[in-house]
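Student: Sequence plus predicted model, see below.
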Amino acid sequence: MTSPDLIRLRDTDDVAITRRDLPAGSEVMPGVTTREDVPRGHKIAVRALPASAPVHRYGQIIGFAGRDIAAGEHVHLHNLEYREFERAYEFCVDARDEEILPVAQQATFAGFRRTDGRVGTRNFLGVLTSVNCSATAAKQIARQMQFSGVLEDFPHVDGVVALTHGTGCGMAPDGEGIEVLRRVMRGYLTHPNFAGFLILGLGCEDNEIVKLTGDVELRPDLAVVSATIQELGGTARTIREGVARLTEMLPMAERSRREPVPASELVLGTNCGGSDSYSGLTANPALGAAVDLLVRHGGTGIVGETPEIYGTEHMLVRRAATREVGEKLLRRIDWWKDYTAKNGGSMDNNPSPGNKAGGLTTILEKSLGAVAKGGTTTLRDVVEYAEPVTSKGFVFMDTPGYDPVSVTGIVAGGANVVCFTTGRGSAFGCKPVPSLKLATNTPLYEHMREDMDVNCGGIVDGDDTVGGLGQRIFDQVLRVASGEQTKSEALGYGDEEFVPWHLGTVM
């Protein structure tokens, strides 16, 4: 049900979402009048709810009434509570074999075909640091390469990116923490958006370069050299030597050329940040429609952010290709419950203050909107953080909800394009992969037009449909994969968003 004032997705929903700021005394539907001022994007009770009653949105429980709620009341933090409840896990009942278009009928884009068969959407050189101690030198090397003018003679090289982070030492030399870091680094080392690398360390760190590269099979067309500051004789010498070694790689990187490739070579990472109540109505389902299209064209769509799909896992296991896939997801949910409990928290520590200002009240409500990014197709696999994604179709990756950490894992897993939805206005990029920003509402898009690539607010405004917008997102992903610059790339985002997930004790 939509009206000039409200959006209510199902007749069974106990709340509806406001389309504009509503003053007290507004009659929003027959027999329902607002009892107080309600901001745009927030919830109004469309029927009376007794204390402890489950409250439904999207046809699902988003929380429980903390007290009696009258029809027309603003429903939010003051009267809606998070509580655990039993969910039925019906494995695989919605799984189906999707119709995949023959290669000859698939959409195409212009990508960089690498010798291992994978396809890049950009052509970068990288400086990958093994430890925080080499971060400054790595940034200086990349900066000198970028501003010296040497890249002007190599128009098919997109630039040099320094992948720096705050760890790599002061940690156990073996175990989960350092293995996750190395898994991320290996994922970037083998990523098709890179033509060459300088791996730079200090020389005495726990995360030794030799242990990082020893197990990695590097493709023949990837130039890789390694060095340490201690070996080279200090920071200034390291910067000079680093610039020299990357400069030697440029002619080989320049030989790479874009060529037509099928859309089945796309691995689309999805993420949402600064979500609002419209996220689950506009940008996320539209992105899900684009993922469904990509799957039909033989490609792969990745959804992550495990804490932000909590409460919807029963819906995802229904779509699991096999019971094993569904149980892998539930094991990751159980891991997170244990992880948060050990750290004195709960899964309802989410949403953030910005999410709440945008109308989201509980993690259950947020998750129901976030999971829409995965579309409607069968869940083909569940992988751990930064694990290589090898399955076609819809895949779930276990990542934290924190945007840079989540996308770092998704890119390490092989994503060569990212779509990022936001309702509050997140600032984000993820070199070496282009990231499109999708605004959930028109006021945000107009306010931050220079940051946003797509306005999804037309769905609420009545100017767009989810399916129509999904097609436009899919088409724009193809153009961006072919080299069209995103707003985040034009603004220079992506240098600070390489943030591997840090697990374990800092020693």
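Tutor: Happy to help now that I have it. In this text the structure is predicted, and so the values were computed from the model without any measurement.

Student: how far does stretch 113-132 stretch from start to finish?
Tutor: 33 Å (Cα to Cα, to the nearest Å).

Student: does A71 count as helix, strand or coil?
Tutor: In three-state terms, and counting by DSSP: H, G, I helix; E, B strand; the rest coil, A71 is coil.

Student: Counting neighbours, what do you get for it?
Tutor: As a burial measure, A71 scores 18 neighbours (other Cβ atoms under 10 Å). Placement of C-beta: from N, CA and C, glycine included.

Student: repeat for G344
Tutor: Using other Cβ under 10 Å, G344 is surrounded by 7 other residues.

Student: Per-residue pLDDT of it, please?
Tutor: G344 carries a pLDDT score of 83 in this model.

Student: Now name the helix or strand holding it.
Tutor: Per DSSP states H and E, G344 falls between elements, in no helix or strand.

Student: same question, F109
Tutor: Applying DSSP H and E, one finds F109 within strand 108-113.

Student: Contacts for that strand next, please.
Tutor: Contact partners of strand 108-113, identified using Cβ atoms under 8 Å, 6 or more residues apart in numbering, comprise 119-123, 192-193, 256-263, 265-266, 416, 478-479, 481-483.

Student: neighbouring contacts of stretch 87-103?
Tutor: With Cβ under 8 Å, 6+ apart as the test, stretch 87-103 has contacts from 262, 264, 295-298, 311, 313-314, 317-323, 326-327, 330, 377-379, 393.

Student: ok, the strand holding F109: who's next to it in the sheet?
Tutor: Applying DSSP bridges, strand 108-113 is found paired with strand 119-120 (antiparallel), strand 258-262 (antiparallel).

Student: Domain boundaries for this protein, per the record?
Tutor: Following automatic domain parsing, one gets these domains for the chain: 6-81, 108-259, 269-490.

Student: Surely H56 is in a helix?
Tutor: No: under three-state DSSP, H56 falls outside any helix and is assigned strand.

Student: what packs against the helix or strand bottoming out on mean pLDDT in the chain?
Tutor: Here the helix or strand of the chain ranked lowest by mean pLDDT, DSSP states H and E is helix 209-213, holding a mean of 86. Other elements packing on helix 209-213 under the criterion 3 or more Cβ pairs under 8 Å, 6 or more residues apart in numbering; DSSP states H and E are helix 176-189, strand 194-201, strand 223-228.

Student: and the angle for the strand holding F109 with strand 194-201?
Tutor: On the basis of axes from the mean of the first three to the mean of the last three Cα atoms, to 10 degrees, strand 108-113 is oriented at 50 degrees to strand 194-201.

Student: Low-confidence stretches in the stretch 1-150 of the chain?
Tutor: Low-confidence segments of the stretch 1-150 of the chain (pLDDT under 70): 1-2.

Student: Now do the helices in it.
Tutor: Applying DSSP state H, counting those that start in this stretch to the stretch 1-150 of the chain gives helices spanning 135-147.

Student: Can you tell me which of the strands paired with strand 108-113 is most buried?
Tutor: Scoring the strands paired with strand 108-113 by mean neighbour count under mean count of other Cβ atoms under 10 Å gives strand 119-120 as the most buried, with a mean of 23.

Student: Quick one, which of the strands paired with strand 108-113 gets closest to G425.
Tutor: Nearest of the strands paired with strand 108-113 to G425, taken as Cβ to Cβ: strand 119-120 at 29.5 Å.

Student: What segments of the stretch 351-500 of the chain are helices?
Tutor: For the stretch 351-500 of the chain, the helices defined by DSSP H, counting those that start in this stretch cover 353-357, 363-370, 403-412, 442-447, 458-461, 466-481, 487-490.

Student: Check which residues of the last one are buried.
Tutor: If I follow you right, that is helix 487-490. Residues 487-489 are the ones in helix 487-490 that count as buried (16 or more other Cβ atoms under 10 Å).

Student: Can you lay out those as TSV showing distance to V161 and pLDDT?
Tutor: Below are those laid out as TSV (distance: Cβ to Cβ, whole Å; pLDDT from 0 to 100):
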residue	distance to V161	pLDDT
K487	18	98
S488	13	98
E489	11	98
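
Student: Distance to V184 added to the residues you listed, as TSV?
Tutor: TSV is the format used below for those (distance: Cβ to Cβ, whole Å):
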residue	distance to V184
K487	26
S488	21
E489	22
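
Student: For the stretch 301-450 of the chain, which residues score under the pLDDT cut-off?
Tutor: Using pLDDT under 70, the stretch 301-450 of the chain drops low at 349-350.

Student: can you list contacts of the helix or strand hosting L316?
Tutor: Using DSSP H and E, L316 sits within helix 313-318. Defining contact as Cβ under 8 Å, 6+ apart, one finds that helix 313-318 is touched by 60, 87-95, 309, 326-327, 329-330, 333, 371, 374, 379, 396.

Student: Output it in CSV with nothing but the alpha carbons.
Tutor: Extracted C-alpha coordinates of helix 313-318, given in CSV (Å, rounded to 0.1, in the frame of the first residue of the first chain):
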residue,chain,number,x,y,z
GLU,A,313,19.4,-16.4,8.0
HIS,A,314,16.2,-18.4,8.0
MET,A,315,15.3,-16.7,4.7
LEU,A,316,18.8,-17.4,3.2
VAL,A,317,18.9,-21.1,4.1
ARG,A,318,15.6,-21.5,2.2
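
Student: What is the subsequent helix or strand relative to that helix?
Tutor: Next helix or strand after helix 313-318 toward the C-terminus (DSSP H and E): helix 323-342.

Student: Off-centre distance for that next one?
Tutor: Its chain's average C-alpha position is 19 Å from that of helix 323-342, according to Cα atoms, centre = their mean, to the nearest Å.

Student: In that helix, which residues are buried?
Tutor: Using 16+ other Cβ under 10 Å as the burial criterion, the residues of helix 323-342 that qualify are 325-326, 328-330, 332-333, 336, 340.

Student: again with stretch 105-121
Tutor: When neighbours are counted by 16+ other Cβ under 10 Å, the buried residues of stretch 105-121 are found to be 106-114, 118-121.

Student: what does stretch 346-362 give?
Tutor: 347-348, 350-352, 354-362.

Student: Can you tell me which of those is nearest T164?
Tutor: Proximity of the buried residues of stretch 346-362 to T164, judged by Cβ to Cβ, is greatest for S352, which lies at 25.6 Å.

Student: about what we covered before: for the buried residues of helix 487-490, which one is nearest F420?
Tutor: Distance to F420, by Cβ to Cβ, is smallest for S488 among those, at 8.1 Å.

Student: how far away is that closest one from S435?
Tutor: To S435, S488 is 5 Å away according to Cβ to Cβ, to the nearest Å.

Student: Now list whatever residues contact both of these two.
Tutor: With Cβ under 8 Å, 6+ apart as the test, S488 and S435 both reach 428-429, 494.

Student: Throw these into TSV and include distance to G467 and neighbour count, thanks.
Tutor: As requested, the shared contacts of S488 and S435 are arranged in TSV below (distance: Cβ to Cβ, whole Å; neighbours: other Cβ atoms under 10 Å):
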residue	distance to G467	neighbour count
F428	26	20
G429	28	24
G494	31	21
